[in-house]
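compute the structure for the input listed below.
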Amino acid sequence: MRCFSLFLLPALTAVWWWSAGLGIGIGLLYSLASLVTNRIALRQEQRLFMVIVLGGMVARMMAALLAVVLILWLVPVEQAVFVGSFLGVFIIGMMVEVWSLHRKLSAKRDP
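Numbers count the residues shown, from 1 in each chain. Here you go, the predicted model:
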């Protein structure tokens, strides 16, 4: 029993939760920004739609990369927990973004 509790001890520290929370928070901010950008883009014509979607994606990725690098550089976090939680939420957010765009574009085409 003692060996099992020593195994779980690192997962219960404040730094671990702080690292996971930061990663999840940045991933959620990225996903929220993508949904807002796509909502704006869907109101535009075809050419402008692509510019907004692709330009917004590049801008969000650069901002997220900058935030991740700065946090890893300046904030004392558990790096594996932070990056893992960010990537998990980021990937789920990308899947939701693609699904949402596909659904909305399909609904626009089929009256």
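
for the helix or strand where residue 41 lies, what is the distance to the chain centroid?
Per DSSP states H and E: residue 41 is located in helix 14-42. Distance, stretch centre to chain centre, for helix 14-42: 4 Å (CA atoms, centre = their mean, to the nearest Å).

just stretch 76-93 next, same as before
On CA atoms, centre = their mean, the centre of stretch 76-93 falls 9 Å from the chain's centre.

can you pull the buried residues of that stretch?
For stretch 76-93, burial by neighbour count (16 or more other CB atoms under 10 Å) applies to 77, 78, 81, 82, 83, 85, 86, 89, 90, 93. (C-beta placed from N, C-alpha, C; glycine too.)

now do the same contact list for residue 92.
27, 31 (CB atoms under 8 Å, 6 or more residues apart in numbering).

report the contact partners of residue 110.
Residue 110 neighbours (CB under 8 Å, 6+ apart): none.

wait, residue 20 touches residue 85, no?
Yes. Here residue 20 reaches residue 85: they are 4.5 Å apart, a contact under CB atoms under 8 Å.

mind listing what's buried in the helix holding residue 41?
So, applying 16+ other CB under 10 Å, buried residues of helix 14-42: 16, 18-20, 22-24, 26-27, 29-31, 33-34, 37-38, 41.

between the buried residues of stretch 76-93, which sits nearest residue 66?
Of all the buried residues of stretch 76-93, residue 86 has the smallest distance to residue 66: 12.9 Å, by CB to CB.

how much space between that closest one and residue 92?
Using CB to CB, to the nearest Å, residue 86 is found at 11 Å from residue 92.

do the same with residue 81
Taking CB to CB, one finds residue 81 at 17 Å from residue 92.

just residue 83 next, same as before
Taking CB to CB, one finds residue 83 at 15 Å from residue 92.

just residue 35 next, same as before
13 Å.

how about residue 67?
Looking at residue 67 against residue 92, where the rule is CB to CB, the gap reads 18 Å.

OK, contacts around the residue nearest to residue 48 when sequence neighbours are not counted?
Excluding the flanking residues, the one nearest residue 48 by CB to CB, 6 or more residues apart in numbering is residue 41, at 7.7 Å. Counting by CB under 8 Å, 6+ apart, residue 41 makes contact with 48, 49, 52, 53, 56.
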